[in-house]
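Q: Kindly return the folded structure for what I paste below:
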Amino acid sequence: MSSRLSIFTITPPFPYTFSVFSRTKQPSSFLHFHAFSHSIGFCSPKSLLSINSLQFQTFYKSRKSFFSVDPKLSDADEEEDDDEDDDDKEAADEYDDVSGEISDENQQSEDEFEISSDAAPALTRREEFKWQRVEKLCNEVKEFGDEMMDVDELASIYDFRIDKFQRLAIEAFLRGSSVIVSAPTSSGKTLIAEAAAVATVARRRRLFYTTPLKALSNQKFREFQETFGDNNVGLLTGDSAVNRDAQILILTTEILRNMLYQSVGMVSSASGLFDVDVIVLDEVHYLSDISRGTVWEEIIIYCPKEVQIICLSATVANADELAGWISEIHGKTELVTSSRRPVPLTWHFSTKTALLPLLDEKTKRMNRKLSLNYLQLSASEGRSYRDDGSRRRNSRKRGGDMNYHNTISSSGQSQLSKNDINAIRRSQVPQVIDTLWHLRARDMLPAIWFIFNRRGCDASVQYLEDCSLLDDCEMSEVELALKRFRTLYPDAVRETAVKGLLKGVAAHHAGCLPIWKTFIEELFQRGLVKVVFATETLAAGINMPARTAVISSLSKRIASGRIQLTSNELLQMAGRAGRRGTDEKGHVVLVQTPNEGAEECCKLLFAGVEPLVSQFTASYGMVLNLLAGAKVARRSNESNDVKALQAGRTLEEARKLVEQSFGNFVGSNVMLAAKEELGKIKKEIEMLTSEISDDAIDRKSRTLLSEEAYKEIADLQEELRAEKRLRTGLRRRMELKRFSALKALLKELENGHLPFLCLQYKDSEGVEHLVPAVYLGKLDSLESSKLKNMISVNDAFALNVVGVESNDKDLEAQDVEPSYYVALGSDNSWYLFTEKWIKTVYSTGFPNAALAQGDALPRETMGLLVDKGEMQWEKLADSEFGGLWCMEGSLETWSWSLNVPVLNSLSENDEVLHMSQEYNDALEKYKEQRNKVARLKKKIARTEGFKQYKKILERVKFTKEKIKRLKARSNRLINRIEQIEPSGWKEFLRITNVIHETRALDINTHMIFPLGETAAAIRGENELWLAIVLRNKFLLDLKPAELAAVCASLVSEGIKVRSWKNNSYIYEPSTTVINAINFLDDHRTSLMQLQEKHGVEIPCCLDSHFSGMVEAWASGLTWREMMMDCALDDGDLARLLRRTIDLLAQIPKLPDVDPQLQKNAQAASNVMDRPPISELAG
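A: Numbers count the residues shown, from 1 in each chain. The predicted structure follows:
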């Protein structure tokens, strides 16, 4: 019988003004961290919680605060949810292991309701007694039976009227359905889960509440304790287990998934899910996350069908597909959606001179004042005040990615060339200070300012250090709070950020210690920090609402280059704007950049939310747990001995589970339609292509033209094709002559001064760019080993050998073979290029002389600066003669780029390329041939039948445009098919082959061996590799600190030296550690070869680069000693240490691991887990 799917879609009529949850408190037994109080010199109000509570009551102790003059006076002790870390994706969840971060009562959970400031005192009193209303309802259900439980009874525990979508979801739950709730951030989804918890507790059953982050689990644990009491709420994470048999258990997704491995094919009572009626999946849109999505799908697939599932999700485009999938594999599921934000958003656009509304009055189109012609007029009025130097330092290397002519034409304005568009954009780019003062003047602070790299965040804070946003009283409060923080955590103070902090600005990114970020968050919530510059992961991981969100760019740099934000990312960051109960509306400010204008902003804004995409992938842990099954114990009838039996699953049973993935469901419905449409498009392209072939054009010409006219045009067309081939040959010869001349010229300049040159290229939109730069030298001649190594191993940088035709007797192959050169542009970007991209070279330049006695020469200095870059090169253009690449410079190269002159200040008389006579001769021959081709085209245009022939050509042009559009549609469909095409089972089989060959599991008998048993219990990216290492007897001879160093080498992926730091010191590991890692490297090589043999691509990390840092910390060095001249950011080192502690903490719990190793791991973990990176320090 097929499952039914019901869908409700409503729009809330008005925003809420009340709070679902009471203030966060926690029993002292669980607290690990000192919380922040409200403000300096004022005591927090005493709790009104009655001391005569029943079983739901909880007692609390006050905690220390950075803000309280006397911490003993504070009862309002709050805690805060953790945040995802860093602009780097791999760092987003690094501090999940932190179990006790702090919060403020002003900070609300993402899905909670807040209260207006006027209503706060009255509501606080009522909220203190919500637990009493819950207890009363539970007692009534116990007395009168479950039948009395309805939506009105559940709604009665709140002091406000619940919204319609919440009511619909609760009603669906009470009908016994699973429920999916899709609604915007802060709309109140958590209320639905809490109501379900009340109903479940009243029925004396159990509810599991899962979150993607440990810190979020901790936050929910405290909130549910507030409502249900200590005895009824438990917590289960990787390193915390509190009251695990409670009726409400808060746990992470990985923990629940591991529990469910045992329940597949069993009823819940036999699976370890005793009396569990409900599982709540919070933030279920994480299903689309590449690194975590598989866990969510596994939970839904393995969940016993009699257990109700409640999925809480942000707004997604295909919530109906998600509901349909769960209905099919789990049971009756109802979908409830809501689309209205509780605090509406207003969108703005910041230019150099103004802060304007992004949209028109109807919010359907772009504001006409942001049109390019209008901005051109504005720029021309202020041109006399603009400095040439600032103009030329705007980026010249990327062009727009959109056609703006429709926008211009609709306004009745003349069309602009693409070069004009770029020039207008560059002239309108504001400085940080420009936008900031607009925000301050319009009372739009506090603001979160999203910048997509750490360096940009820190540089912006330094830029504003002389601009105070605080009054004297606020500055005094910050000073006092900072003094208290320094007293509590002296090693955690970020000294470089103190000056900005005292002015009301701060940075928040993964380079900071978690405890410092928590301090910044508290100051921000207290109104003592007006602007926080943060990476985009703050939007995903921490709830720190502001009045305004500023988004500095619509694109961000990743390892493979620069990519545009998705609409979901934009809306997620925008969702941080608007504080419920404080702001009537939130503000989102998008900023003009050299490459992005208001048109791109509107295009992305109106693109709509993106769909959930399955990320289901197999892993060693999945295969081992599914095929090996769970060990069950029974007693023999003949004796009291306990025997272990193995309940394994066949490959066919495992396949049925794996093929229930969300990707398979979507694929079965969408892929067939997409493939059918793709087939039609391909056929149409083939048909249209045949219509514009030379033969087809020839046939049409014969039909339309007279015999004489046809013969005349045909002869001339044949002659034209021959002349074009000759032109192509001459152009190639000209390029080769130019190469030859340039090679000799550049070689001659290697030992002299550093000349200026001009680079020239066209971007993907056909916009031509001219970049003035200072020439550093041929790559082979520079002392840039890092750059050379990257190019030698990366095939993307490979150069083709340019062939020399046999008639080019005056050209040698070595004279025209392309080579890479390096230059620093006036836009403070490094350029890596071949001779193809050099427009001209000038005789003027930088003298290659030391600035002071003993200093290095400029060429040597700049060569070293190239290697200090992050090697994130972006390809700007490509050709058969090699590509043109660029990489952002640093603050150290900025002063050099400032001295590169603009092109119009360089004289043509200084050009030295024209000195090559051979090149000039080749150029003249090419020009002559080009003119000959042009004359021949004019001759064809004057023929008798050209009027009819032109119609054929116009039709061909129209057909080519249609083919281009069809190919674009085809590519979009191919991308969609690649997204939804299931590959999980193929991957599963490949992994089973590796597991079988390593004797972790016999896939025929399903007998699990000790190696497999250990691997099945480990949490990590490559469980098999970790098990191989931890079962190695070689580790038994290591001391605890040495063991920690080896473990660090297994988890250091993504940790890197920050190239812009002046410091470059890193502790080296001991000889014992190096020998151990070298020994393990042989095992790693064997496993990698085995994986390659079977097509498995799971990384096996083993990197000793930072092991010495971990060994030093495990040996007892202080944080101050560790960070002295350290090449790592504080946050990176803390993240590495926490990763290592997490792995060490797992070892004592793993089966079939030597007790001595477990003892050493426990000792190392205990030593390392200390401030400022311990759980106590958040």
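
Q: which stretches of the stretch 251-400 of the chain form strands?
A: 276-281, 308-313, 333-338, 345-350, 355-357 (DSSP state E, counting those that start in this stretch).

Q: Serialize those to CSV and add fields for mean pLDDT and mean neighbour count.
A: C-betas here are computed from N, CA, C, even on glycine. Shown next, in CSV, are those (pLDDT from 0 to 100; neighbours: other CB atoms under 10 Å):
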stretch, mean pLDDT, mean neighbour count
strand 276-281, 92, 24
strand 308-313, 92, 24
strand 333-338, 92, 25
strand 345-350, 92, 21
strand 355-357, 91, 17
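
Q: What about Gln428? Give its phi and psi, please.
A: phi -110, psi 10 (degrees, to the nearest 10).

Q: Kindly report the same for Leu528.
A: phi -100, psi -10.

Q: Can you give me every residue that contacts the spatially closest residue to it that is not a sequence neighbour?
A: Using CB to CB, 6 or more residues apart in numbering and skipping the chain neighbours, the partner closest in space to Leu528 is Val478 (5.1 Å). By CB atoms under 8 Å, 6 or more residues apart in numbering, Val478 lies in contact with Leu470, Leu501, Leu502, Gly504, Leu523, Leu528, Val529.

Q: Hmm, Arg579 is touching Arg547, no?
A: Yes: with contact defined as CB atoms under 8 Å, Arg579 reaches Arg547; the gap is 6.5 Å.

Q: ok, these two, which is more surrounded?
A: The residue with more neighbours, out of Arg579 and Arg547, is Arg547; 22 against 19, by other CB atoms under 10 Å.

Q: For the nearest residue to that one once chain neighbours are set aside, which three-state class applies?
A: Spatial nearest neighbour of Arg547, chain neighbours left out: Asp583 (5.3 Å); criterion: CB to CB, 6+ apart. In three-state terms, and counting by DSSP: H, G, I helix; E, B strand; the rest coil, Asp583 is coil.

Q: How many residues are close by Asp583?
A: 17.

Q: i'd like the first residue to be 482 from this point on
A: Let's use 482 as the start, then, which means that last one is Asp1064.

Q: Val824 is in contact with that one, correct?
A: Yes: in this structure, Asp1064 is within contact of Val824 by CB under 8 Å, at 6.0 Å.

Q: List just the nearest of the contacts of Val959 to Cys1607.
A: Leu982 (21.7 Å; CB to CB).

Q: all helices for the stretch 832-981 of the chain, in order.
A: Secondary structure of the stretch 832-981 of the chain (DSSP state H, counting those that start in this stretch): helices at 853-862, 869-873, 886-891, 899-908, 913-922, 935-944, 953-969, 976-982.

Q: tell me the average confidence for the second one?
A: Think helix 869-873. What helix 869-873 shows for mean pLDDT is 41.

Q: which one's the longest helix in this structure?
A: Criterion DSSP state H: the longest helix present in the chain is helix 1188-1230.

Q: and that one, what does it pack onto?
A: Applying 3 or more CB pairs under 8 Å, 6 or more residues apart in numbering; DSSP states H and E, one finds that helix 1188-1230 makes contact with helix 1175-1185, strand 1249-1259, helix 1294-1297, strand 1319-1327, helix 1398-1422, helix 1427-1461.

Q: Apply 7 Å and report the result again.
A: helix 1175-1185, helix 1294-1297, helix 1398-1422 (3 or more CB pairs under 7 Å, 6 or more residues apart in numbering; DSSP states H and E).

Q: ok, the contacts of Val959 vs Val1554, which is closest?
A: Closest to Val1554, out of all of the contacts of Val959 and judged by CB to CB, is Leu982, at 38.4 Å.

Q: What's the per-residue pLDDT of the nearest residue to the closest one once chain neighbours are set aside here?
A: Excluding the flanking residues, the one nearest Leu982 by CB to CB, 6+ apart is Val959, at 6.2 Å. Model confidence at Val959, given as pLDDT, is 94.

Q: next one: the one 3 residues further on
A: Predicted confidence (pLDDT) at Ala962: the value is 94.

Q: State the number of residues packed around it.
A: With other CB under 10 Å as criterion, Ala962 counts 24.

Q: what's the answer for Phe1146, then?
A: Neighbour tally, Phe1146, other CB under 10 Å: 22.

Q: That one: which element?
A: Here Phe1146, judged by DSSP states H and E, is contained in helix 1143-1147.

Q: In contact with the residue nearest to Ile1455 when sequence neighbours are not counted, which residues?
A: Of all residues not flanking Ile1455 in the chain, Leu1159 sits nearest, at 6.9 Å (CB to CB, 6+ apart). Contact analysis of Leu1159 by CB atoms under 7 Å, 6 or more residues apart in numbering lists Ser1451, Leu1454, Ile1455.

Q: which among those residues gets closest to Trp828?
A: Leu1454 (31.6 Å).

Q: what stretches of the stretch 1132-1281 of the chain score poorly on pLDDT?
A: Counting by pLDDT under 70, the stretch 1132-1281 of the chain has low-confidence residues at 1150-1151, 1246, 1281.

Q: Show me what whichever strand or helix holds Leu1238 is packed against.
A: Per DSSP H and E: Leu1238 is located in strand 1235-1243. The elements that strand 1235-1243 packs onto, with contact taken as 3+ CB pairs under 7 Å, 6+ apart, are strand 1249-1259, strand 1319-1327, strand 1355-1358.

Q: Dump those strands to a markdown table, plus distance to Pro1653.
A: Output for the helices and strands packed on strand 1235-1243, formatted as a markdown table (distance: least, CB to CB, whole Å):
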| stretch | distance to Pro1653 |
| --- | --- |
| strand 1249-1259 | 42 |
| strand 1319-1327 | 45 |
| strand 1355-1358 | 37 |
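
Q: Most tightly packed of the ones you listed?
A: Among the helices and strands packed on strand 1235-1243, strand 1249-1259 has the highest mean neighbour count (mean count of other CB atoms under 10 Å), at a mean of 21.

Q: Once you drop chain neighbours, what's closest to Ile1162?
A: Nearest non-adjacent residue to Ile1162, counting by CB to CB, 6+ apart: Ser1451, 4.9 Å away.

Q: show me what contacts that neighbour?
A: Ser1451 touches Leu1159, Ile1162, Lys1163, counting by CB under 7 Å, 6+ apart.

Q: ok, Cys1082 - how many residues close by?
A: 23.

Q: Could you do Asn1485 as well?
A: Each residue near Asn1485 was counted by other CB under 10 Å, and the total is 8.

Q: Do you know the pLDDT at it?
A: pLDDT, Asn1485: 78.

Q: That one: what secondary structure?
A: coil.

Q: Quick one: residues contacting it.
A: Counting by CB under 7 Å, 6+ apart, Asn1485 has no contacts.

Q: List the buried residues of stretch 1632-1645.
A: Val1634, Leu1638, Gln1639, Asn1641, Ala1642, Ala1644, Ala1645 (16 or more other CB atoms under 10 Å).

Q: and that stretch, how far from the chain's centre?
A: The chain centre lies 36 Å from the centre of stretch 1632-1645; the measure is CA atoms, centre = their mean, to the nearest Å.

Q: thought Phe1220 was touching Glu1316?
A: Yes: Phe1220 lies in contact with Glu1316 (CB atoms under 7 Å); the separation is 4.7 Å.

Q: so what's in contact with these two at the same time?
A: Joint contacts of Phe1220 and Glu1316 (CB under 7 Å, 6+ apart) do not exist.

Q: Figure out the helix or strand that Gln1141 lives in.
A: Of the helices and strands defined by DSSP H and E, none includes Gln1141.

Q: still on that earlier bit, quick one: list the elements packing against the helix holding Phe1146.
A: By 3+ CB pairs under 7 Å, 6+ apart, helix 1143-1147 packs against helix 800-810.

Q: Can you mark which positions in the helix it packs on are buried?
A: Ala800, Asp801, Glu802, Leu803, Ala804, Gly805, Trp806, Ile807, Ser808, Ile810.

Q: now those residues in CSV, with distance to Ala1088 and pLDDT?
A: Converted to CSV, the buried residues of helix 800-810 look like this (distance: CB to CB, whole Å; pLDDT from 0 to 100):
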residue, distance to Ala1088, pLDDT
Ala800, 17, 89
Asp801, 19, 89
Glu802, 19, 88
Leu803, 20, 91
Ala804, 23, 92
Gly805, 24, 91
Trp806, 24, 91
Ile807, 27, 93
Ser808, 29, 92
Ile810, 31, 90
